[in-house]
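> Below: sequence and its predicted model.
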Amino acid sequence: MYKTILLPVDLNDPTTGKKALATAAALAKTFGSELHVLAVVPNFGMSVVGGFFPQDFEEKALEKVKTDLAAFMDAELDPSLDATGHVAHGSIYEEILHAAKALSADLIVVGAHRPELKDYLLGPNAARVVRHAPQSVMVVRD
């Protein structure tokens, strides 16, 4: 049913990531799908903010996230599962949508938690992915 599954993870929130990863892994095993796990390093936003960080900060952050993502996947995934890790840099939801398109993902599995404000049903990035993704999106609550 699903050929390619994209799972964006927030490595700073491993609880949500683990539950969504378990769900995405089970789907990938069931359907024989490729699983792509994506971590996004957010951009600074305004250029004036970037001036407060060392010049090589982004490069070091990307390398650290690559290492952390590999460790997360090694710890949480069955080695027999066909899974590939990816690291992107930019606006979180835009990078998720871009990766889904580039990988021809037919399912995005997003972990979500309830934000502090009771009026929201999803976190802002998960909500944007749900609204803007042309493919199916499964939301896994923590």
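That came through, no problem.
> lowest-confidence helix or strand of the chain?
Within the chain, judged by mean pLDDT, DSSP states H and E, the helix or strand with the poorest mean is helix 47-50; its value is a mean of 57.
> so where is the chain shaky, pLDDT-wise?
Counting by pLDDT under 70, the chain has low-confidence residues at 44-54, 113-122.
> what about the helices in it?
Using DSSP state H, the helices found in the chain span residues 14-31, 47-50, 57-76, 92-102, 124-132.
> tell me what the third one is packed against?
When you say that, I think you mean helix 57-76. Counting contacts by 3 or more C-beta pairs under 8 Å, 6 or more residues apart in numbering; DSSP states H and E, helix 57-76 is packed against helix 14-31, strand 34-42, strand 83-90. Yep, even glycine has a C-beta here, placed from its N, CA and C like the rest.
> and of these, who's closest to residue 129?
Residue 129 sits nearest to strand 34-42 of all those, at 11.1 Å, using C-beta to C-beta.
> count of residues packed around residue 130?
17 (other C-beta atoms under 10 Å).
> what does the one 5 residues further on give?
Each residue near residue 135 was counted by other C-beta under 10 Å, and the total is 16.
> and what of the one 5 residues further on?
Residues within reach of residue 140, counting by other C-beta under 10 Å, total 18.
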